[in-house]
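Trainee: Next comes the sequence, and after it the predicted model I'd like to discuss.
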Amino acid sequence: MSRILLVDDEESVRVTIGALLKAHGHEVVTAVDGKEGVEQFVQDTFDLVITDVLMPRMGGAATIATLRQIRPGLRVIAISGAQRVAADGAAETASRLRADRLLIKPFAQEELLAAVAEVLGDATAGPAGT
């Protein structure tokens, strides 16, 4: 289906979300923070990036900004458990982060899968990166 770059500093999140996405036919590459995510991104082609917002070394906002400089049309889902993000409202925070969607942790598997399908739209029909 799609190639997804998953960036999160929590191993349990990477393992759980990665397994879910793989079970639904996606190819998943993981990174432990934004710096490693950007390094992975420039070495490969991805249809979607799912990134945590709060991470060491390079947080989600900087990661998204950097990736969108490299590929402006990139599809991005931001994920966060931060109470401040939740209080500001998901739509407003997603817009500020320049993410296509924002999911607040903890979220249901179905919610993540629906967001992935929505954000990718028809991108799964074509080759990665088009």
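Mentor: Okay, I see it. Residues are numbered from 1 along each chain as shown.

Trainee: low pLDDT regions in the chain?
Mentor: Within the chain, the ranges that satisfy pLDDT under 70 run 82-96, 122-130.

Trainee: one more time with 90
Mentor: 1, 53-57, 59-61, 80-99, 102-106, 122-130 (pLDDT under 90).

Trainee: Okay, buried residues for stretch 36-46 please.
Mentor: 36-38, 40-41, 46 (16 or more other C-beta atoms under 10 Å). C-beta coordinates here come from the backbone N, C-alpha and C atoms, glycine included.

Trainee: closest to residue 72 among the residues you listed?
Mentor: Relative to residue 72, the closest of the buried residues of stretch 36-46 is residue 41; by C-beta to C-beta it sits at 13.3 Å.

Trainee: okay but the closest one is in contact with residue 64, surely?
Mentor: No: the pair residue 41 / residue 64 is not scored as a contact, 11.0 Å apart, by C-beta atoms under 8 Å.

Trainee: Mutual contacts of these two, please.
Mentor: residue 49 (C-beta atoms under 8 Å, 6 or more residues apart in numbering).

Trainee: how about the residue nearest the centre of the chain, phi and psi?
Mentor: Nearest to the mean C-alpha position of the chain, by C-alpha atoms, centre = their mean, lies residue 50 at 0.9 Å. Dihedral pair for residue 50: phi -110, psi 120, per degrees, to the nearest 10.
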